[in-house]
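Engineer: Need coordinates for the following:
(one chain, ligands or ions: 2)
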Amino acid sequence: MKTKLFMIEENQQEYNWMDEAAMMIRNGSLVAFPTETVYGLGANALDPEAIAKIYQAKGRPSDNPLIVHVANLSMVEELVTEISSQARKAMKRFWPGPLTLVMPRSMRVPDCVTAGLDTVAIRMPSHPVAIALIDAAGLPIAAPSANRSGRPSPTKGEHVVEDLDGLIAGIIIGPESQFGVESTVLDVTGAVPEILRPGGVTREMLLEIYSEVRVDPALESVREDRKPKSPGQKYRHYAPKAKMAVVQGSLAFKREVALRRLNDSQGRGVVLASDELAQELPDLDVWNLGAWAHPEIAANRLFDLLRMCDARKIEWILAEGYREEGLGAALMNRMRKAAGGHVIKEEKEMKLAIGSDHGGYELKEFIKSKLVETGHEVVDYGTFNGESVDYPDVGREVALAIKAEKARYGIIFCGTGIGISLAANKVEGIRCALVSEEFSARMSRAHNNANMLAMGGRTVGPELAWSIMQAFLATEFEGGRHARRVAKIEG
Ligand code: TXA
Ligand code: MG
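Structural biologist: Residues are numbered from 1 along each chain as shown. Ligands and ions are numbered 1, 2, ... in the order given. Down below sits the predicted model:
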């Protein structure tokens, strides 16, 4: 199929090709168009054959319902059996705009639009071209995001061309989308409105008109058994071809994780980072998400950057997590989805068991003070004043505490770290790594799932010991073939 491209010139008010695009919709063809959130792939919402083409062009699973776009209230009235007072409030305040309302559907809405649900999702976009197209067609337009299923949503006309050229009748190409993330999906069928997908209208904004707003608990969970109420939320979405992870925590933690990735990894990778984090990573391969105070900038850039990663054959992506406030909630929802739920989280207030003989006493005291300073809880098994003790006694005691799960990790010290690590490793289930540089500390976690770390008071200085400690705490076990090997170590 030859796809017709309609270009919007800058500051254009009248669209002389609009009748042609509208006619395509009326004839049951597909036309992609800009909205203020992302580009949509439109079809006549009342024509099941046209709708079938959407699922086909996108490669979209047919159990994922579509949003119907309207230009006025009388269109809404045709599509629903009832407009609740909750719905009315939201329309009054946030329409036209990035808010989709889930309402009880009328029989006019074909089953394929709602994927068989008894509700329909409706939105009145604010983008002048979207409204003009719906008006000119004189029909409600069903439109998912105009990407191939699974790919990042299109925020630029060129993204749509990339995914759908040759598969649909027309593409209206305008400027970049304003929001860059999709609309908020809000269920207003119950007594308390519930956010099924966070988006351009934030929870904070909704709380200006409602006394209570729920968030679908499945959104915050990565557990597979929690079924999201919005069918689309269960799919891996927006996925770049690269392996992607999100890092969350303090600036120091994010910096540490980013440096580790950039230094250790083979192949081509990038870090997507705020201005604040980028400043800590000078001269490295960092792509900018804007300042922390402006999550809307990050939201606006995210999908475009993910597509750029694909184009440049990037192999891994580490994206900086933002606070889940305001538009940050929508941003993090999309980031987590793109990463397939892979989040590297700083565990604050981790409980750690620590111990040393007299040879490691000073180093133990230094590391302990650093750990406490950075918010961890430390249980100290001595020695408490540098008095002479036998390292096997301390090593074993800390190891038994870890075995009994009294703390997450055990950290032990003696003169060289050797004797005390040998003693700890005699306890079942303990994998104590004797380490004198950062790389081995990371590997001991990533590959061996080490649960104890041993260092020598006479072999590493305090500064190095602290970087080793941080590297150890910031690294997660990789699993996979390493899990099989760890199982072998365990016998
Ligand atoms: O900003 C947007 O909403 C964009 C632009 C084009 O308007 N559209 C968009 O559509 O993001 P799509 O198809 O990519 O996402 C629609 C979401 C899906 O997660 C879908 O499961 C959910 O809305 N949805 C649709 N109908 C629903 C319903 N009746 N109940 C619950 N969720 C529904
Ligand atoms: Mg989509």
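Engineer: So the residue most central in space within the chain, which state does it fall into?
Structural biologist: The residue lying closest to the centre of the chain (Cα atoms, centre = their mean) is residue 336, at 1.8 Å. Here residue 336 is helix, with the state taken from DSSP: H, G, I helix; E, B strand; the rest coil.
Engineer: Quick check: residue 326 vs ligand 1, distance?
Structural biologist: 17 Å (Cβ to the nearest ligand atom, to the nearest Å). No exception for glycine: its C-beta is placed from N, CA and C like everyone else's.
Engineer: Spatially nearest residue to that residue (excluding sequence neighbours)?
Structural biologist: Excluding the flanking residues, the one nearest residue 326 by Cβ to Cβ, 6 or more residues apart in numbering is residue 202, at 4.9 Å.
Engineer: Is it correct that the one you found is in contact with residue 183?
Structural biologist: No. When contacts are counted by Cβ atoms under 8 Å, residue 202 is not listed as touching residue 183 (11.6 Å).
Engineer: need the residues of this structure near ligand 1, please.
Structural biologist: Residues of the chain lying close to ligand 1 (Cβ under 6 Å from any ligand atom) are 35, 37-38, 40, 64-67, 98, 100, 102, 114, 117, 119-121, 123, 143-145, 182-183, 185, 196-197, 230-233.
Engineer: mind running it again at 5 Å?
Structural biologist: Residues of the chain lying close to ligand 1 by Cβ under 5 Å from any ligand atom are 35, 37, 40, 65, 67, 102, 117, 119, 121, 143-145, 182-183, 185, 230-232.
Engineer: What about the residues you listed, which are in strands?
Structural biologist: 40, 67, 102, 119, 121, 185 (DSSP state E).
Engineer: Settle it for me: which of residue 202 and residue 183 has more neighbours?
Structural biologist: Remark: of residue 202 and residue 183, residue 183 carries more neighbours, 28 against 22, as counted by other Cβ atoms under 10 Å.
Engineer: Which parts of the stretch 251-400 of the chain are helices?
Structural biologist: 251-264, 275-280, 295-311, 328-338, 361-373, 391-403 (DSSP state H, counting those that start in this stretch).
Engineer: what is the mean pLDDT for the last one?
Structural biologist: In this case it means helix 391-403. The average pLDDT for helix 391-403 rounds to 97.
Engineer: Excluding residues flanking it in the chain, which one is nearest the residue of the stretch 51-200 of the chain found nearest ligand 1?
Structural biologist: Nearest residue of the stretch 51-200 of the chain to ligand 1 (Cβ to the nearest ligand atom) works out as residue 144 at 2.9 Å. Among residues not flanking residue 144 along the chain, residue 66 sits closest, at 5.3 Å (Cβ to Cβ, 6+ apart).
Engineer: For the residue in the stretch 151-300 of the chain that ligand 1 sits nearest to, give me its contacts.
Structural biologist: Closest to ligand 1 within the stretch 151-300 of the chain is residue 232: 2.1 Å, counting by Cβ to the nearest ligand atom. Residue 232 makes contact with 64, 65, 197 under the criterion Cβ atoms under 8 Å, 6 or more residues apart in numbering.
Engineer: redo that, cut-off 6 Å
Structural biologist: residue 64 (Cβ atoms under 6 Å, 6 or more residues apart in numbering).
Engineer: Read off the pLDDT value for it.
Structural biologist: 70.
Engineer: circling back: deepest in the core, which of the helices of the stretch 251-400 of the chain is it.
Structural biologist: Among the helices of the stretch 251-400 of the chain, ranked by average contacts under mean count of other Cβ atoms under 10 Å, first place goes to helix 328-338 (a mean of 24).
Engineer: check contacts around the residue nearest to residue 144.
Structural biologist: 113, 142, 144 are the contacts of residue 66 under Cβ under 6 Å, 6+ apart.
Engineer: Distance check, the last one against residue 373.
Structural biologist: Note on residue 144: its distance to residue 373, by Cβ to Cβ, to the nearest Å, is 50 Å.
Engineer: swap in the first one?
Structural biologist: According to Cβ to Cβ, residue 113 and residue 373 sit 57 Å apart.
Engineer: do the same with residue 472
Structural biologist: 17 Å.
Engineer: which of the ones in strands among the residues of the chain next to ligand 1 has the most neighbours?
Structural biologist: If you count neighbours using other Cβ under 10 Å, the busiest of these is residue 40, which has 31 neighbours.
Engineer: For that residue, give me its contacts.
Structural biologist: Taking Cβ under 6 Å, 6+ apart as the test, what residue 40 contacts is 33, 143, 146.
Engineer: The last one reaches residue 32, doesn't it?
Structural biologist: Yes. Under the criterion of Cβ atoms under 6 Å, residue 146 makes contact with residue 32 at 4.1 Å.
Engineer: What is the burial count for the closest residue to residue 363 other than its chain neighbours?
Structural biologist: Closest residue in space to residue 363, ignoring its immediate chain neighbours: residue 457 at 4.2 Å, by Cβ to Cβ, 6+ apart. If you count neighbours by other Cβ under 10 Å, residue 457 ends up with 23.
Engineer: residue contacts, residue 457?
Structural biologist: So residue 457 contacts 359, 360, 363, 413, 415 (Cβ under 6 Å, 6+ apart).
Engineer: isn't the first one right next to residue 414, touching?
Structural biologist: Which is residue 359. Yes. At 4.8 Å, residue 359 counts as touching residue 414 under the criterion of Cβ under 6 Å.
Engineer: which of these two has more neighbours?
Structural biologist: A direct count of neighbours by other Cβ under 10 Å for residue 359 and residue 414 places residue 414 higher, at 31 against 23.
Engineer: hmm, what's the outermost residue in this protein?
Structural biologist: The chain, Cα atoms, centre = their mean, max distance from centroid: residue 388 (51.0 Å).
Engineer: my guess is that residue meets residue 358, correct?
Structural biologist: Yes. Residue 388 lies in contact with residue 358 (Cβ under 6 Å); the separation is 5.1 Å.
Engineer: With the flanking residues excluded, which residue is spatially nearest to residue 309?
Structural biologist: residue 240 (4.8 Å).
Engineer: okay, and for the stretch 201-350 of the chain, where does confidence drop off?
Structural biologist: Residues of the stretch 201-350 of the chain that meet the criterion pLDDT under 70 lie in 220-227, 234-236, 266.
Engineer: Spatially nearest residue to residue 87, not counting backbone neighbours?
Structural biologist: Spatially, and ignoring its direct neighbours in sequence, residue 87 is nearest to residue 188 (4.3 Å; Cβ to Cβ, 6+ apart).
Engineer: again, but for residue 321
Structural biologist: In space, and not counting its chain neighbours, residue 321 is closest to residue 248: 3.6 Å by Cβ to Cβ, 6+ apart.
Engineer: which residues are contacting the helix or strand containing residue 205?
Structural biologist: Using DSSP states H and E, the element containing residue 205 is helix 203-206. The contact list for helix 203-206 (Cβ under 6 Å, 6+ apart) reads 213, 326.
Engineer: switch to 10 Å and redo it
Structural biologist: 89-90, 93-94, 97, 99, 184, 186, 193, 195, 210, 212-215, 324-327, 329-330 (Cβ atoms under 10 Å, 6 or more residues apart in numbering).
Engineer: Just the buried subset of those, written out for ChimeraX, thanks.
Structural biologist: A single ChimeraX command selects the buried members of those (16 or more other Cβ atoms under 10 Å):
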select :90,94,97,99,184,186,193,195,210,213,324,326,327,329,330
